[in-house]
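Colleague: could you work out the structure for the sequence below:
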Amino acid sequence: MTPLTLFLGCVIPNRYPGIEMATKLCLAKLDIDCTDLPEASCCPAPGVFRSFDSPTWLAVAGRNLTLGEDMQRDILTICNGCFGSLADANHLLKEDGELRISTNAYLSEIDRQFKGTIDVRHIAEFLYSDVGTEKIKEAVEKPLGLRVAVHYGCHLIKPSRDRGLGSFERPRFFDELVEATGSISIEHPDKMECCGAGGGMRSGLKERSLAMAEHKLSKIKEAGVDCIVNACPFCHMQLDAGQQEIEKVFGKDYNIPVLHYSQLLGLALGFPPDMLGIHMNVVQNRDFMEKLKLSIEDN
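Modeller: Have a look, this model is predicted:
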């Protein structure tokens, strides 16, 4: 299996460090060779940075890619935005010679050069393609039995021509990863809808951004799930902290727990909730935690 280096991005270290801990615990338990990526910067955010200044976006992303190249390790991302930015930049710089030359001209000023010797992986894609759901099932110590609303997010599956992950309208790979933990993926209307956070929406058009999240949460609530599971800390923040904001703006209290996939997987692998940072999420639902406790004790 290809050795990896972990790209944390910005949101996880600053807002949800529990996701970092959960990810590292899961990777170690599954015996995956993954180390930290020293000196990494912001990816940078694809929905905004790339739109305004593509050459600078490529230079910053290219620098991050060269850090992985120096270590001779593929970069593992645990954020859809980081994955979208780094994977797209890696693809463009490998395929377009002129862009590679112009970007390397910038990188040469800091004694770096993009060579195109590594790949960029997303944790959901990597676990599904390289580890496999059967190995995950074999490693599960505590089948969870949770009813889960799966949130794919945008950059994980789009643009579909570059992702190679099957249908971007009705994908199944993330659902299968969730079901490998002993949980049930519950279908719900507008499942593939954006959470409303990306592309500068959350920063520039906050109320409209929250309205999109509120619509999605209303459909999830109607489906009668125990929690939402995502694979992106920015989506995580929008659906988790966003619930607190939605209550203030729209007066609606959804109280739906939100987990990153690494936290869900960590629970199934036998780690206690506190080790996985679940107590650090904004939404704290007592009924959910009690059900989780009973599920763990029963196993």
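Colleague: quick one: residues contacting residue 48.
Modeller: Residues in contact with residue 48 (C-beta atoms under 8 Å, 6 or more residues apart in numbering) are 199, 200. Quick note: C-beta positions are derived from backbone N, CA and C, even for glycine.
Colleague: ok, now residue 272?
Modeller: For residue 272, the contact set (C-beta under 8 Å, 6+ apart) comprises residue 296.
Colleague: that one and residue 248, how far apart?
Modeller: Using C-beta to C-beta, to the nearest Å, residue 272 is found at 32 Å from residue 248.
Colleague: one more: residue 200?
Modeller: In terms of C-beta to C-beta, residue 200 sits 21 Å off from residue 248.
Colleague: and if you look at residue 190?
Modeller: From residue 190 over to residue 248 the distance is 23 Å, taken as C-beta to C-beta.
Colleague: can you show me the strands along this protein?
Modeller: 4-7, 34-36, 74-77, 120-122, 147-150, 184-185, 227-230, 258-260 (DSSP state E).
Colleague: can you redo those as TSV with distance to residue 134, mean neighbour count and mean pLDDT?
Modeller: Listed next are those as TSV, based on distance: least, C-beta to C-beta, whole Å; neighbours: other C-beta atoms under 10 Å; pLDDT from 0 to 100:
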stretch	distance to residue 134	mean neighbour count	mean pLDDT
strand 4-7	20	23	98
strand 34-36	21	15	97
strand 74-77	21	26	98
strand 120-122	19	24	96
strand 147-150	19	23	98
strand 184-185	17	18	98
strand 227-230	20	26	98
strand 258-260	22	29	98
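Colleague: contact partners for residue 147?
Modeller: Taking C-beta under 8 Å, 6+ apart as the test, what residue 147 contacts is 183, 184, 186, 224, 225, 226, 227.
Colleague: nearest to residue 64 among the residues you listed?
Modeller: For these, the minimum distance to residue 64 (C-beta to C-beta) is 31.7 Å, reached by residue 227.
Colleague: residues contacting the closest one?
Modeller: By C-beta under 8 Å, 6+ apart, the neighbours of residue 227 are 146, 147, 148, 149, 256, 257, 258, 259, 264, 288.
Colleague: from those residues, pick the one nearest residue 235.
Modeller: Nearest member of these to residue 235, counting by C-beta to C-beta, is residue 258, at 8.8 Å.
Colleague: once you drop chain neighbours, what's closest to the closest one?
Modeller: residue 240 (4.0 Å; C-beta to C-beta, 6 or more residues apart in numbering).
Colleague: the one you found: neighbouring residues, count only.
Modeller: By the criterion of other C-beta atoms under 10 Å, residue 240 has 23 neighbours.
Colleague: right, and it touches residue 280 too?
Modeller: No. Residue 240 is beyond contact range of residue 280, at 10.0 Å (criterion: C-beta atoms under 8 Å).
Colleague: coming back round to it: residue 190 and residue 248 - which one has more neighbours?
Modeller: residue 190 (12 against 9).
Colleague: can you pull the contacts of the residue lying closest to the more buried one once chain neighbours are set aside?
Modeller: Take residue 190 and drop its neighbours on the chain: the residue closest to it by C-beta to C-beta, 6+ apart is residue 219, 5.2 Å away. Shown in contact with residue 219 (C-beta under 8 Å, 6+ apart): 188, 189, 190, 191.
Colleague: switch to 10 Å and redo it
Modeller: 149, 188, 189, 190, 191, 193 (C-beta atoms under 10 Å, 6 or more residues apart in numbering).
Colleague: mind putting these in a markdown table, distance to residue 32 included?
Modeller: Below are the contacts of residue 219 laid out as a markdown table (distance: C-beta to C-beta, whole Å):
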| residue | distance to residue 32 |
| --- | --- |
| 149 | 27 |
| 188 | 31 |
| 189 | 35 |
| 190 | 34 |
| 191 | 29 |
| 193 | 32 |
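Colleague: out of these, who's nearest residue 172?
Modeller: For those, the nearest to residue 172 is residue 191 (11.4 Å; C-beta to C-beta).
Colleague: who touches that closest one in this structure?
Modeller: Here residue 191 is in contact with 149, 150, 151, 152, 170, 171, 175, 185, 216, 219, 220, 223 (criterion: C-beta under 10 Å, 6+ apart).
Colleague: same deal with residue 34?
Modeller: If you count contacts by C-beta under 10 Å, 6+ apart, then residue 34 has 3-6, 23-24, 26-28, 73-74, 76, 123, 126 around it.
Colleague: first to last residue in stretch 3-16, what's the distance?
Modeller: Start and end residues of stretch 3-16 are separated by 25 Å (C-alpha to C-alpha, to the nearest Å).
Colleague: all good on my end, thank you.
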